[in-house]
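# No sequence on hand, only this structure:
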């Protein structure tokens, strides 16, 4: 793993998550809930999954960060996301958006844009197709997988960051993290990670954990992607298929300490 | 594993899934979403899980197959299934139905029959009790588990195939695949596979992947059941309990190539 | 693992679950459905996950126990829980309640109290904060994690048991099981178990399996907690992180026999 942020900054961010154990409120998709919760626990954070509109104000109020993930949307969940997202905005709690499948259907693209408009996320993380679709409605995704390389989406990411004020993360062979001006990168990981469902969603959840303890969103997002990359390449080295990779990835996150960098 | 279709046909089907990586749209139950997605990825397909009625037309339109699984039903999900299923029917995209728990409650049996009536599935896969309950409403299931052997359901499967025009698959110690006239079989697997929740649902998801690339539904369904059986018996051989079996099964699917047959 | 119930009583309870394979109807949260189902299968029970209000009467009627878990609530699910819970009460089927996150939001506390009022659960299992919040609305939880030690909640548990007529279980370093008068304990397990999401929910599901075959709810609840503790400490001994722990825990449950005590 290689990244543009210094090792001591990365170590400090990891130490902060482990020390403060932030509560991360996730409104996320059914496919990844178990793994996202376990990844947050492995990192030292405290996850809660809750989407009921009636408890959104109260639940978001006690959280250190809010993660909104549109992977398995429907009307009621959008209602919950908007109430939670606006509560977080009002209270200054960082909101992290994962626009899963933007570009696959127009409903997803529009929902992601509505969340961006109403909840002003601090950080948006997607794959190349998803980020490009948020800037250009003619870009199509293959379901939840990307049709494009992350290298091709840097221009779109910078544009999206400039327009929205969010830090934008494109994950891929190289991860790019931009505020519209600066571009940080993370290199590493392994293509085999795409064979485990929801690894992108896991990275978004970890971005939430880091955003809860680190006030600079460029650093928070880069630290999360670096941790994903590092744990991923270590897990790939001892995995025979995507079943063991899913498990080993959690074990690598769990055993990762500021010192092991 | 022993099956009635020739090894080269089976190898070609596996190669086709890996080469074409079809998008499989799943409207499936909460229990198995993560494992079904990972099994599809392990096989080389591209899964998407989506159920929101507003995006069903658009999502199904880009898919190579649609899998409908009634494991954790409610009204909204039935609406989504019917819209997606009718869109697939209109566009000639194969629909695969898993009537989970038909025979456990009358609502489940009736919902499965309504989907069959309105969406005309290409392939229906269930356990013995479920298939029998779709033909004879007096047959009862023990929740989502079967009370009967697959051998006892062959007559019902042939009748269901004849009436509906679907290829019908009964999974069990021997898997039977029938179009109402011909009956193909797959033998192998292991009784220990029933200790992992949702292995039947996984097989239905794989049937979807094969149906997306293989126009003969008898071959598609048999290939999927053969792959399940083969990966299952290999995984059982190196598993200590149902936890490791769930993981090893994915690894075996992941490493399976046309040549390893 | 050390517990106040004799080993032969515990062995008999395990043997009864394995021999009778009770159907356990779960209305539980999205995060844990897969693991709860696999834990029930590992223990020898037959799980069904179903929440659709239209099939609740019929599904609960064929079950040996009903488990209600409020981890990822919304209105429709509450409707399903109340219909199922009242059907179980009418038919004398044991109801087990897991008040996940009571104390985190007032909606959760009130929903748990409504279920207690209308469905009269046989057994209530929670962590210390959750049990305390059901007795004193001023107690707060950190999301779904406890702020307090189980030792601090014994008084609240006894009070809750006396008022409701339920056996109350507090899980923690020491598990306490009380009917308001007697207090049984289970010691063992490992703090590492809290790094796997939904271990509490798994224990509630197992309480359901034991309650289905053992008419004394103090024995049923204690047996389930003893099994959790025993399988947990064995799994921790061979796990590197929370990924492998989640898997090894299922394997330990799967291989546990009345004799291995």
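Thanks, I have the structure now. Only a predicted model underlies this, so the values are computations on that prediction, with no experimental measurement involved. Numbering: from 1, shown residues only, chains lettered A, B, ... in the order given.

# by contact count, what packs against the helix or strand hosting residue A:251?
In this structure, residue A:251 is located in helix A:242-255 according to DSSP states H and E. Helix A:242-255 sits against helix A:33-43, helix A:217-237, helix B:33-43, helix B:242-255, helix C:242-255, with contacts defined as 3 or more CB pairs under 8 Å, 6 or more residues apart in numbering or on different chains; DSSP states H and E. For glycine as for every other residue, the C-beta is placed from the backbone atoms N, C-alpha and C.

# of all of the stretch 101-250 of chain A, which residue lies closest to chain C?
residue A:250 (3.0 Å; CB to the nearest CB).

# which neighbours does the helix or strand of chain A with the lowest mean pLDDT have in its sheet, and in what orientation?
Of all the helices and strands that make up chain A, strand A:2-3 has the lowest average by mean pLDDT, DSSP states H and E, namely a mean of 91. The pairing partners recorded for strand A:2-3 under DSSP bridges are strand A:183-187 (antiparallel).

# List of residues touching the strand it pairs with?
For strand A:183-187, the surrounding residues in contact (CB atoms under 8 Å, 6 or more residues apart in numbering or on different chains) are A:1-5, A:154, A:158, A:173-178, A:218, A:221-222, A:225-226, A:229.

# any chance of the helices and strands packed on helix A:242-255 in JSON lines, plus distance to residue A:119, mean pLDDT and mean neighbour count?
As requested, those are arranged in JSON lines below (distance: least, CB to CB, whole Å; pLDDT from 0 to 100; neighbours: other CB atoms under 10 Å in any protein chain shown):
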{"stretch": "helix A:33-43", "distance to residue A:119": "19", "mean pLDDT": "98", "mean neighbour count": "27"}
{"stretch": "helix A:217-237", "distance to residue A:119": "15", "mean pLDDT": "98", "mean neighbour count": "25"}
{"stretch": "helix B:33-43", "distance to residue A:119": "26", "mean pLDDT": "98", "mean neighbour count": "27"}
{"stretch": "helix B:242-255", "distance to residue A:119": "36", "mean pLDDT": "98", "mean neighbour count": "25"}
{"stretch": "helix C:242-255", "distance to residue A:119": "31", "mean pLDDT": "98", "mean neighbour count": "25"}
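
# Just tell me which of those helices ends up closest to residue A:146.
Each of the helices and strands packed on helix A:242-255 was checked against residue A:146 via CB to CB, and the shortest separation belongs to helix B:33-43, namely 14.1 Å.

# Quick one: list the elements packing against that closest one.
With contacts defined as 3+ CB pairs under 8 Å, 6+ apart, helix B:33-43 has these neighbours: helix A:242-255, helix B:7-20, strand B:23-27, strand B:46-49, helix B:199-213, helix B:242-255.

# any idea how far the closest residue to residue A:244 other than its chain neighbours is from residue C:38?
If you skip the residues right next to it in sequence, residue A:244 has residue B:251 as its closest partner in space, 5.4 Å away by CB to CB, 6 or more residues apart in numbering or on different chains. The spacing between residue B:251 and residue C:38, counted by CB to CB, to the nearest Å, is 17 Å.

# again with residue A:21
Taking CB to CB as the measure, residue A:21 falls 28 Å from residue C:38.

# Then residue A:73?
With the distance defined as CB to CB, residue A:73 ends up 27 Å from residue C:38.

# Buried residues, stretch A:165-176. List them.
Taking 16 or more other CB atoms under 10 Å in any protein chain shown as the neighbour-count basis, stretch A:165-176 is seen to contain the buried residues A:166, A:167, A:168, A:169, A:170, A:171, A:172, A:174, A:175, A:176.

# swap that for stretch A:125-139, sorry
By 16+ other CB under 10 Å, the buried positions in stretch A:125-139 come out as A:125, A:126, A:127, A:128, A:129, A:130, A:131, A:132, A:133, A:134, A:135, A:139.

# repeat for stretch A:10-29
A:10-11, A:13-14, A:16-18, A:21-29.

# and if you look at stretch A:189-209?
Neighbour counts over stretch A:189-209 (16+ other CB under 10 Å) mark A:189-190, A:192-209 as buried.

# I'd like to know how many residues surround residue A:117.
Using other CB atoms under 10 Å in any protein chain shown as the criterion, residue A:117 is surrounded by 10 other residues.

# Quick check: phi and psi on it?
Phi and psi for residue A:117, reported as degrees, to the nearest 10, are phi -70, psi -50.

# what about it, distance to residue C:12?
With distances defined as CB to CB, the gap from residue A:117 to residue C:12 amounts to 62 Å.

# How about residue A:139?
Following CB to CB, the distance that separates residue A:139 from residue C:12 is 63 Å.

# State the pLDDT value of the nearest residue to residue A:99 once chain neighbours are set aside.
Closest residue to residue A:99 apart from its sequence neighbours, by CB to CB, 6+ apart: residue A:112 at 3.7 Å. pLDDT recorded at residue A:112 is 98.

# Residue A:112 is in contact with residue A:68, isn't it?
No: taking CB atoms under 8 Å as the contact criterion, residue A:112 and residue A:68 are not neighbours in contact, 9.1 Å apart.

# These two: who's more crowded?
The neighbour count for residue A:112 versus residue A:68, taken as other CB under 10 Å, is higher for residue A:68 (30 against 26).

# how about that one, what does it touch?
Under the criterion of CB under 8 Å, 6+ apart, the contact partners of residue A:68 comprise A:27, A:28, A:81, A:84, A:85, A:95, A:96, A:97, A:98, A:115, A:119, A:121.

# need the helices and strands packed on helix A:242-255 in TSV with distance to residue A:59, can you?
TSV is the format used below for those (distance: least, CB to CB, whole Å):
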stretch	distance to residue A:59
helix A:33-43	15
helix A:217-237	21
helix B:33-43	23
helix B:242-255	31
helix C:242-255	23
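
# Which one, of those helices, ends up nearest to residue B:150?
Comparing the helices and strands packed on helix A:242-255 by CB to CB, helix B:242-255 comes nearest, at 19.8 Å.

# residues in contact with the closest one?
Applying CB under 8 Å, 6+ apart, the set of residues contacting helix B:242-255 from outside is A:195, A:239-244, A:246-247, B:35, B:38-39, B:42-43, B:192-193, B:195-196, B:199, B:202, B:227, B:230-232, B:234-236, B:238-239, C:38, C:41-42, C:246-251, C:254.

# how much does that helix deviate in direction from helix C:33-43?
Angle, helix B:242-255 to helix C:33-43, by axes from the mean of the first three to the mean of the last three CA atoms, to 10 degrees: 120 degrees.

# Contact residues of chain A facing chain C?
Contact residues (CB under 8 Å from any CB of the partner chain) of chain A with chain C: A:23, A:25, A:30, A:33-34, A:37-38, A:41-42, A:46-55, A:58-59, A:62-63, A:76, A:246-255.

# what do you get if the cut-off is 6 Å, keeping everything else the same?
Proximity of chain A to chain C (CB under 6 Å from any CB of the partner chain) is limited to residues A:23, A:30, A:33-34, A:37-38, A:41-42, A:46, A:48-49, A:52, A:54-55, A:58-59, A:247, A:250-251, A:254-255.

# Quick check, central residue of chain A?
Centrality entry for chain A: nearest residue to the mean C-alpha point is residue A:204, 1.4 Å, by CA atoms, centre = their mean.

# these two touch, right, that residue and residue A:98?
Yes: Residue A:204 sits in contact with residue A:98 when judged by CB atoms under 6 Å, with a separation of 3.9 Å.

# Common neighbours of the two, please.
In terms of CB atoms under 6 Å, 6 or more residues apart in numbering or on different chains, residue A:204 and residue A:98 are both contacted by the residues residue A:125.

# Isn't residue A:126 up against residue A:99?
Yes: with contact defined as CB under 6 Å, residue A:126 counts as touching residue A:99 (5.0 Å).

# didn't residue A:169 look like it was pressed against residue A:179?
No: Residue A:169 is beyond contact range of residue A:179, at 10.7 Å (criterion: CB under 6 Å).

# from the stretch 1-150 of chain A, which residue is nearest to chain B?
As assessed by CB to the nearest CB, chain B sits closest to residue A:143 within the stretch 1-150 of chain A, at 3.5 Å.
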